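1. Task: produce atomic coordinates for the following.
(chains A and B)
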Amino acid sequence: MTALPLATSFLRQESFLDVLYIVAFALFIQGLRGLAGPTTAVRGNRIAAVGMAIAVIATLLHHGEHKWGLILLGIALGVAVGVPAARQVKMTAMPQMVALFNGVGGGAVALISWVEFRRLGSSYGSVTVHSGTVIAFHSAPATYVAIFSVFAAIVGSVSFWGSNIAFGKLQEIIPGRPISFGSAQQVVNLVLLVLALAAGVDLVAGAHSQLLFIGMLVCAALLGNAVVLPIGGADMPVVISMLNAFTGLSAAATGIALNNTAMIVAGMIVGASGSILTNLMAVAMNRSIPAIIAGGFGGGGAVEGASGAGEHAGTVRSTTAADAAIQLAYANRVMIVPGYGMAVAQAQHAVRELTKALEARGVEVAYAIHPVAGRMPGHMNVLLAEADVPYDQLEEMDEANQEFGRTDVSLVIGANDVTNPAAKNTPSSPIYGMPILEVSESHSVIVIKRSMNPGFAGIENELYYEPETTMLFGDAKSAVSEITAELAQL
Amino acid sequence: MILASTLTTNLAILVLAGFIGFAVISKIPNTLHTPLMSGTNAIHGIVLLGGLLLLALPEVAPLFQLDALSEALLVVAIAFDTINVVGGFLVTDRMLEMFKSKPKPSGDDGAKKVDAKDDGAGGGS
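-> Modelled structure (predicted):
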């Protein structure tokens, strides 16, 4: 440990460590700025990784006297789990991967807060830690340290358990359908929240009971379960984003408790990122964030809609792969509208082949991506990128909506609610107000769908009854492959 | 008094970081939101520092010896955070490589360009 006294002596200076932390968080911000475009994003991510390496190495060198065995054990365990997971995860499984990673982050925050409490024990309110190195005794009680630790413990625990449930649902270990206490759900959530907060307040006020702290963690854990269990699989984008924000905020709170600027900045930025994404997803799914937090969303409104729009007067025209191929071949511009159904059918590579065949014929092809097309923000784009779809063909909703007017054929694959004109035209519809891809603006629409069953929200899609729409019934992957085969024969 | 200033400084940092976060993240297109999430996951792995610091403290201030349970909890916390940091950055890198390696302006001949792209990606990393 003392082999490098010269090299480490200046590292031990408090201000030098602080400077390195500032460098680290500057690199995080610079790295995230790189994510604004696909060409700079890889570098951005690596810049952020360098920032992290600097923060970790600086911390280790600064103290010199760590329990190295324990640290190495923890790091080895983490690398053994994290590296293979990150290398092998399929792109379709990315949401559960992110949920799991997010969960362990929240778990770590809760555990660290717990140790902090155990360590400081009876003097929880009267000790502060400066940059985590100098323990300073103050006559004035540092109540805020306790407040932020307790906050971090509660939010971290909620995030850990909530993320694990989200993981279980996405991985289909737990049924994706909502599991809830019915009408008692909100009461249960509220009671758990109040209990956790009460325990927290008691701890801040100076209660020194380990049991109380554990009780608080348990209440928060139950709350995490109770909030996420009632949420259906298709609502996951909102949940994952929200838990992401939670973990970030809990990390920032730990940063304040430990007086560590790098943690405050990094945690807060993640909190901001998660909040932005949550809001974006909530808007894209037509749900209000308070309603989400209150619990049990995703069920009620949709059922009413299903009964309301159950009977539809129009007729549906079905088409064949051969006709669809002709329609596409003679189009100038084709917009592909993929939904999660496409990913479930693993049809993205088949779709890419179709795109290539169309482009070879001089047809201009682009993809219209709704924000909630996948199971997490931006998920669909990753799936298409994996299938080698060029970045500049991926159009965001607003961009795509300006282009449907000059689109000859829109090919809807496994997407339903996000194309439903009822969101614009029918005030009584439960999805009214939800931003949609205005597919019906295009000259003609081909919808590839297994059957006429309504989507997850249980709402009839008026699009299917419009005169310019034809339906191609079948599995997304085989239907797309058939069209490609028919194209080759034209 | 020192205490109050530490807290207010940290709160100021917190608030400013929030604004910077909003400004920076708002510029990130929807298309890259999944990598953004996995990347920010890696970044909140910064709490790893907390675990490391707590394991260092006993030597600095012997008053606060960690008992076996605390040590075990910290090992788990460090393992969790390492998963976060290492896994998060790796998986983000994997995803972003897929987005980056598409330099073609128009896809007139997909198959050949796919090969070219693979070479480019290999050379770049």
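2. so how many other residues sit close to the closest residue to chain B within the stretch 51-200 of chain A?
-> Taking CB to the nearest CB as the measure, the point where the stretch 51-200 of chain A comes nearest chain B is residue A:78, at 2.4 Å. The C-beta positions use only the backbone N, C-alpha and C, and glycine is treated the same way. For residue A:78, the number of neighbouring residues by other CB atoms under 10 Å in any protein chain shown comes to 27.
3. Next: residue A:474.
-> 17.
4. now swap in residue A:348 and tell me
-> Neighbourhood size, residue A:348 [other CB under 10 Å]: 25.
5. Shouldn't residue A:365 be within a strand?
-> Yes: secondary structure assignment (DSSP: H, G, I helix; E, B strand; the rest coil) places residue A:365 inside a strand.
6. Just give me the longest helix of chain B.
-> Among the elements of chain B assigned as helix by DSSP state H, the one spanning the most residues is helix B:2-26.
7. Outside of that helix itself, list whatever touches it.
-> Applying CB atoms under 8 Å, 6 or more residues apart in numbering or on different chains, the set of residues contacting helix B:2-26 from outside is A:25, A:29, A:32-33, A:128, A:130, A:138, A:140, A:142, A:144, A:252, A:255-256, A:259, A:261, A:264-265, A:268-273, A:275-276, B:36.
8. That helix: which residues count as buried?
-> Taking 16 or more other CB atoms under 10 Å in any protein chain shown as the neighbour-count basis, helix B:2-26 is seen to contain the buried residues B:3, B:6-7, B:10, B:13-14, B:17-18, B:20-22, B:24-25.
9. Helices of the stretch 351-490 of chain A, start to end?
-> If you assign secondary structure with DSSP state H, counting those that start in this stretch, the helices in the stretch 351-490 of chain A sit at A:379-386, A:397-403, A:422-425, A:476-489.
10. which stretches of the chain aren't confidently modelled?
-> The chain I'm using is chain A. Segments of chain A classed as low confidence (criterion: pLDDT under 70) are A:1-12, A:64-65, A:120-142, A:233-234, A:292-314, A:454-458.
11. if you could check chain B rather than the one you did, that'd help
-> When the per-residue scores of chain B are filtered using pLDDT under 70, the ranges that remain are B:1-4, B:57-65, B:101-125.
12. any idea which element the residue in it that chain A sits nearest to lies in?
-> With CB to the nearest CB as the measure, residue B:82 is the residue of chain B nearest to chain A, at 2.4 Å. Using DSSP states H and E, residue B:82 sits within helix B:68-82.
13. Could you pull out the buried residues of that helix?
-> When neighbours are counted by 16+ other CB under 10 Å, the buried residues of helix B:68-82 are found to be B:70-71, B:73-82.
14. swap in stretch A:76-91?
-> If you call a residue buried by 16+ other CB under 10 Å, then stretch A:76-91 has these buried ones: A:77-79, A:81-83, A:85-86, A:89, A:91.
15. in what helix or strand does residue 54 lie?
-> Using chain A here. Under the assignment given by DSSP H and E, the secondary-structure element containing residue A:54 is helix A:38-63.
16. Hmm, no, I was thinking of chain B.
-> Secondary-structure assignment from DSSP H and E places residue B:54 in helix B:48-60.
17. Let me see the domain layout of chain A.
-> For chain A, automatic domain parsing gives the domain ranges A:1-88, A:101-294, A:309-489.
18. Among those domains, which comes closest to residue B:42?
-> Nearest of those to residue B:42, taken as CB to CB: domain A:1-88 at 7.0 Å.
19. what about the closest residue to residue A:51 other than its chain neighbours, neighbour count?
-> Distances taken as CB to CB, 6 or more residues apart in numbering or on different chains place residue A:27 nearest to residue A:51, at 2.9 Å, with adjacent residues excluded. Applying other CB under 10 Å, we find 21 other residues in the vicinity of residue A:27.
20. same check, this time on residue A:107
-> A total of 26 residues lie near residue A:107 under the criterion other CB under 10 Å.
21. so who does the residue nearest to it when sequence neighbours are not counted touch?
-> Sequence neighbours aside, residue A:160 is the residue nearest to residue A:107 in space, at 3.8 Å (criterion: CB to CB, 6+ apart). If you count contacts by CB under 8 Å, 6+ apart, residue A:160 has them with A:103-104, A:106-107, A:110, A:221, A:224.
22. now, which of the residues you listed sits nearest residue A:204?
-> Within those, proximity to residue A:204 (CB to CB) peaks at residue A:110, which comes in at 16.4 Å.
23. Tell me the spacing between that closest one and residue A:217.
-> In this structure, residue A:110 lies at 6 Å from residue A:217, with CB to CB, to the nearest Å as the measure.
24. cool, residue A:361 as well?
-> Residue A:361 sits at a distance of 61 Å from residue A:217 (criterion: CB to CB).
25. next SSE after the longest helix of chain B?
-> Stepping forward along the backbone from helix B:2-26, the first helix or strand reached (DSSP H and E) is helix B:33-44.
26. Just name whatever secondary elements that next one is in contact with.
-> For helix B:33-44, the packing partners by 3 or more CB pairs under 8 Å, 6 or more residues apart in numbering or on different chains; DSSP states H and E come out as helix A:14-34, helix A:38-63, helix A:94-120, helix A:236-257, helix A:261-284, helix A:379-386, helix B:88-100.
27. My guess is residue B:83 contacts residue A:80. True?
-> No: with contact taken as CB atoms under 8 Å, residue B:83 and residue A:80 are classed as non-touching, separated by 9.2 Å.
28. Please name the residues that touch the residue in the stretch 351-490 of chain A positioned nearest to chain B.
-> In the stretch 351-490 of chain A, no residue comes nearer to chain B than residue A:378, which is 3.1 Å away by CB to the nearest CB. For residue A:378, the residues meeting the contact criterion (CB under 8 Å, 6+ apart) are B:30-37.
29. can you tell me which two in the residues you listed are farthest apart?
-> Taking CB to CB as the measure, the contacts of residue A:378 reach their widest spread between B:31 and B:37, a distance of 12.8 Å.
30. quick one: which of those two has more around it?
-> Shown here are residue B:31 and residue B:37; by other CB under 10 Å, residue B:37 has more neighbours (29 against 24).
31. Isn't the more buried one up against residue A:374?
-> No: using CB under 8 Å as the test, residue B:37 is too far from residue A:374 to be in contact (11.5 Å).
32. and the stretch 151-300 of chain A, which residues reach chain B?
-> By CB under 8 Å from any CB of the partner chain, the part of the stretch 151-300 of chain A that sits against chain B consists of A:240-241, A:244, A:247-248, A:251-252, A:254-256, A:258-277, A:280.
33. Just the buried ones from these?
-> Buried positions within these, assessed by neighbour count (16+ other CB under 10 Å), are A:240-241, A:244, A:247-248, A:251-252, A:254-256, A:258-277, A:280.
34. How about residue A:39: what's its closest non-neighbour residue?
-> The shortest distance from residue A:39 to any residue that is not its chain neighbour, by CB to CB, 6+ apart, is 6.3 Å, and that residue is residue B:100.
35. Okay, residue A:236 and chain B: tell me how far apart.
-> Relative to chain B, residue A:236 is positioned 12 Å away (CB to the nearest CB, to the nearest Å).
36. Ramachandran coordinates for the closest residue to that residue other than its chain neighbours?
-> Nearest in space to residue A:236, with sequence neighbours left out and distances taken as CB to CB, 6+ apart, is residue A:375 at 5.1 Å. For residue A:375, the backbone dihedrals are phi -100, psi 0 (criterion: degrees, to the nearest 10).
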